[in-house]
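Novice: 3D model of this:
(chains A and B)
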Amino acid sequence: DAGVIQSPRHEVTEMGQEVTLRCKPISGHNSLFWYRQTMMRGLELLIYFNNNVPIDDSGMPEDRFSAKMPNASFSTLKIQPSEPRDSAVYFCASSPLRAHGYTFGSGTRLTVV
Amino acid sequence: TQLLEQSPQFLSIQEGENLTVYCNSSSVFSSLQWYRQEPGEGPVLLVTVVTGGEVKKLKRLTFQFGDARKDSSLHITAAQPGDTGLYLCAGDEQAGTALIFGKGTTLSVSS
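Specialist: Numbers count the residues shown, from 1 in each chain, chains lettered A, B, ... in the order given. The predicted structure is shown next:
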């Protein structure tokens, strides 16, 4: 298994531009999570899905952030418009439903200038 | 809001030394997990503890879950440079809810 696959690995964009981050979870994992990691705040949960349905999006910072999971093998996190304070490493993780352990992707390092 | 406090924030030791890092909360957790993260990569699961008082060993690493299921510790015996990394604890209020992460302990082991 290739694990959780995220793309791109690095993204540099100008303030105001739209950014789309992509995630392919492990086949058979029914839960998918988006986290953001910064030095100041650590790993913060943004949103998670069970069986492609968003369960908790209370961590999404603003309306500029949106996430979709159109099918079991793909999810996107979109920021529109992006701002410098959105600069962080964004991680996607997946797990079997109600399982304790997560498998994380390698992350997308986003820099907004 | 549940919070997981980890201590110490940074730890720098020599190869062969022993160390303990802590993860504390005022809330009760269904389970606690420990992850290790290396630069440029995502966290990797080391262990899950679910029963109060539970102790698990993984080679030179010993994990303990507090009796009240509010805290946990990770002890490393005879640390090696390969143990260097960010150690994160994470807990869930109940199975099926998303994990809350502590900010981590950055461990540096020099030879």
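Novice: and the residue of chain B found nearest chain A, how far from residue B:109?
Specialist: Going by CB to the nearest CB, chain A is nearest to residue B:42 of chain B, at 3.0 Å. Heads up, the C-betas are built off the backbone N, CA and C, glycines and all. Using CB to CB, to the nearest Å, we find residue B:42 at a distance of 21 Å from residue B:109.
Novice: thinking again about what came up before, which element is the residue of chain B closest to chain A on?
Specialist: Remark: residue B:42 resides in no helix or strand, with elements defined by DSSP states H and E.
Novice: can you report how many residues lie near the closest residue to it other than its chain neighbours?
Specialist: In this structure, residue B:42 finds its nearest non-sequential neighbour in residue A:104, 3.0 Å apart by CB to CB, 6 or more residues apart in numbering or on different chains. Neighbour count of residue A:104, defined by other CB atoms under 10 Å in any protein chain shown: 23.
Novice: need the contact list for residue A:104.
Specialist: Residues near residue A:104 by CB atoms under 8 Å, 6 or more residues apart in numbering or on different chains: A:4, A:91, A:92, A:93, B:42, B:43, B:44.
Novice: same deal with residue A:100?
Specialist: B:31, B:33, B:48, B:50, B:92, B:95.
Novice: low pLDDT regions in chain A?
Specialist: Per-residue confidence for chain A (pLDDT under 70) gives these ranges: A:1.
Novice: try 50 this time
Specialist: Of all residues in chain A, none has pLDDT under 50.
Novice: my guess is residue B:36 meets residue B:85, correct?
Specialist: Yes - counting by CB atoms under 8 Å, residue B:36 does reach residue B:85; the two are 4.8 Å apart.
Novice: need the max-distance pair from the contacts of residue A:104.
Specialist: Pairwise distances across the contacts of residue A:104 peak at 14.5 Å for A:92 and B:44 (criterion: CB to CB).
Novice: neighbour-wise, which of those two wins?
Specialist: residue A:92 (30 against 15).
Novice: tell me what that one is bridged to.
Specialist: Per DSSP bridges, the residues bridged to residue A:92 are residue A:34.
Novice: residue numbers of chain B in contact with chain A?
Specialist: B:31, B:33, B:40-45, B:48, B:50, B:88, B:90, B:92, B:95-104 (CB under 8 Å from any CB of the partner chain).
Novice: hmm, try it at 10 Å
Specialist: Applying CB under 10 Å from any CB of the partner chain, one finds that chain B approaches chain A through B:4, B:6, B:30-33, B:35, B:37, B:40-50, B:86, B:88, B:90, B:92, B:94-104.
Novice: who in chain A is up against chain B?
Specialist: Residues of chain A lying near chain B (CB under 10 Å from any CB): A:3-4, A:6, A:9, A:31, A:33-35, A:37, A:39-48, A:50, A:55-56, A:59, A:89, A:91-93, A:95, A:97-107, A:109.
Novice: among those, which ones are in strands?
Specialist: A:6, A:31, A:33-35, A:37, A:42-48, A:50, A:55-56, A:89, A:91-93, A:95, A:103-104, A:109 (DSSP state E).
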